[in-house]
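> 3D, please:
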Amino acid sequence: MGNSGRPIGDWREVSKNLKWVEQPAKMSGRTTNMIEIIKPKWARQETTFELFFEDRRCPGAGFTFEANRFGEVSQDLSKEARANYVDISSNLHDYKAPVLQSNTRRWVEPAVGRCYCGRAVILYGFTNTCECGREYNWAGQELAPRQQWGEETGENPADIGRIA
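Now for the predicted structure:
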């Protein structure tokens, strides 16, 4: 796995040395704050490769071994996997010639913002709640308290919670 697959770490530790950025914005006559984004949202992609030896007796079944983009099998195989690779690659009457396969996976790492209280908030969804109780949207804008939600549109809490 490449560097793009490593964990993002503990953002509570990262956020200790960062400053609060106040960006007042008007929303329905109420001033809101935009939290400081300490880690922007980032689209990731990782491609891995493997050699696939298909069993001639059972199409679709077989063995795969981690490889590089040139089809060279990884040196990091366990002792057992290495023994299987040597056995299978020298036993091609039971297995078809290996095929190099690529697998690409894509994901988005959400942004992380620093709440007014100093804690890190992962901004992964529509509503993101800090441990202190403040709530933010996915862009880091502070939301009104939940009891005020729907005032502008005439909705009540039951309407907001209802799934259509």
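> Quick check: V108 is in a strand.
Yes: judged by DSSP: H, G, I helix; E, B strand; the rest coil, V108 forms part of a strand.
> could you measure it against N68, distance?
Distance of V108 to N68, given as CB to CB, to the nearest Å: 26 Å. For glycine as for every other residue, the C-beta is placed from the backbone atoms N, C-alpha and C.
> measure the residue lying farthest from the centre of the chain to A83 for me?
Centroid-distance maximum for the chain: H93 at 42.2 Å, with CA atoms, centre = their mean. Distance of H93 to A83, given as CB to CB: 19 Å.
> Now do the domain split for this protein, please.
Domain assignment of the chain by automatic domain parsing yields the ranges 3-41+110-153, 45-107.
> now the ones you listed in TSV, with mean pLDDT?
Below are the domains of the chain laid out as TSV (pLDDT from 0 to 100):
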stretch	mean pLDDT
domain 3-41+110-153	73
domain 45-107	92
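> Any idea how many residues pack against N137?
15 (other CB atoms under 10 Å).
> For it, list the residues it contacts.
N137 makes contacts with L123, F126, T127, N128, L143, as judged by CB atoms under 8 Å, 6 or more residues apart in numbering.
> got those as JSON lines, with secondary structure columns?
Conversion of the contacts of N137 to JSON lines gives the following (three-state DSSP):
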{"residue": "L123", "secondary structure": "strand"}
{"residue": "F126", "secondary structure": "coil"}
{"residue": "T127", "secondary structure": "coil"}
{"residue": "N128", "secondary structure": "strand"}
{"residue": "L143", "secondary structure": "coil"}
